[in-house]
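A.B. asks: Okay, predicted coordinates and the sequence, questions at the end:
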Amino acid sequence: MVQMKTKKDLLIPFSWGERRPVFLERFFYIPKKYEEHAKIERLDWETLFGNDRPVYLELCSGNGQWIGEKAKAHPEVNWAAVELRFDRARKIWLKAFRESIPNLYVICGEAATFLQWYAAKASVTQAFVNFPDPWPKLRHAKHRLIQAPFLEELAEVVQGGGRATFATDDEPYRDQMVRELSLVSSWKPVFDTPYYRSDWASYGDSFFASLWKGKGRNLYYMQYENGT
């Protein structure tokens with residue numbers, strides 16, 4: 001039976017001053033501006049999902065359209081969505097219950113922080129980063145997620161032989177992704193030069209993919225294998 005949930009069923013149970021990481025029902029919350037991450041052990045996916053199926057991780061999940069459809073299509077895989085904004089993360093959580101997707105778990109927190117402190121090493125089979133904020137102004141480019149330190153952390157979390165896929169509509173960010181990935185020896189490109197493709201109809205749709213395609217923009221996909 002479908003468990004009917006509303007927004008009121010997912011509330012952070014403490015004040016800002018008392019903030020801390022907390023496990024709720026199929027939801028893990030990592031507060032902003034919190035520094036004591038080492039107090040929490042790294043996540044045990046088998047405990048969270050109740051099985052030992054492969055884990056596929058999406059970072060920057062937005063409202064969960066892409067990962068929700070993937071999780072429904074592939075029940076043999078455990079899917080974990082990481083989204084910074086609480087309102088969006090809660091939408092994914094509501095989707096998981098309202099659409100009966102038991103193999104979907106939600107983490108609300110900053111992607112780099114999650115990888116560095118909470119994701120178990122070599123525990124993820126595939127990772128996906130879909131349309132991260134491009135920070136289009138040149139002076140803001142330093143804030144982009146896809147940079148070598150982040151990619152090194154990702155290589156620690158993805159199993160050897162596992163893959164990471166990146167999607168963007170932003171050409172400068174696309175080029176930066178390829179450049180930063182070339183700096184991390186663990187990541188080997190799956191696609192031939194120029195190491196991206198734009199014709200991946202079966203990849204799946206999302207809010208941002210639909211938005212940018214509707215505006216006539218090209219989408220770019222990069223996939224790399226962890227050769228660690």
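C.D. replies: Happy to help now that I have it.
A.B. asks: what's the weakest-modelled helix or strand in this protein?
C.D. replies: Least confident element among the helices and strands of the chain, by mean pLDDT, DSSP states H and E: helix 207-214 (a mean of 77).
A.B. asks: Going along the chain, name the strands of the chain.
C.D. replies: In the chain, the segments counted as strands under DSSP state E are 22-24, 27-29, 55-59, 78-83, 104-108, 124-130, 158-168, 187-189, 220-226.
A.B. asks: Look up how far Gly68 lies from Tyr173.
C.D. replies: For Tyr173, the distance to Gly68 (CB to CB, to the nearest Å) stands at 25 Å. The way it works is simple: take the backbone N, C-alpha and C, and place the C-beta from them, glycine included.
A.B. asks: So for stretch 213-225, what gets flagged as buried?
C.D. replies: Using 16 or more other CB atoms under 10 Å as the test for burial, stretch 213-225 gives 219-225.
A.B. asks: Kindly reformat the strands of the chain as CSV containing mean pLDDT and distance to Tyr203.
C.D. replies: Putting those into CSV (pLDDT from 0 to 100; distance: least, CB to CB, whole Å) gives the following:
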stretch, mean pLDDT, distance to Tyr203
strand 22-24, 96, 31
strand 27-29, 97, 26
strand 55-59, 98, 12
strand 78-83, 98, 15
strand 104-108, 98, 18
strand 124-130, 97, 9
strand 158-168, 98, 7
strand 187-189, 98, 17
strand 220-226, 98, 6
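A.B. asks: how about CSV for those, with distance to Leu10 added?
C.D. replies: Conversion of the strands of the chain to CSV gives the following (distance: least, CB to CB, whole Å):
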stretch, distance to Leu10
strand 22-24, 7
strand 27-29, 6
strand 55-59, 19
strand 78-83, 13
strand 104-108, 9
strand 124-130, 23
strand 158-168, 27
strand 187-189, 35
strand 220-226, 32
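A.B. asks: most centrally placed residue in this structure?
C.D. replies: Centroid-nearest residue in the chain, with CA atoms, centre = their mean: Leu59, separated by 1.3 Å.
A.B. asks: Could you give the bridge partners of that residue?
C.D. replies: Counting by DSSP bridges, Leu59 is bridged to Val82, Val129.
A.B. asks: from what I can see it touches Ile67, true?
C.D. replies: No - the pair Leu59 and Ile67 does not pass the contact test of CB atoms under 8 Å, sitting 10.2 Å apart.
A.B. asks: Next, show the common contact partners of these two.
C.D. replies: Common contacts of Leu59 and Ile67, defined by CB atoms under 8 Å, 6 or more residues apart in numbering, comprise Phe128.
A.B. asks: Could you report the distance from the nearest residue in space to Leu48 that is not next to it in sequence to Gly50?
C.D. replies: In space, not counting the residues next to it along the chain, Leu48 is nearest to Tyr105; the distance is 5.6 Å by CB to CB, 6 or more residues apart in numbering. When CB to CB is applied, the distance between Tyr105 and Gly50 equals 10 Å.
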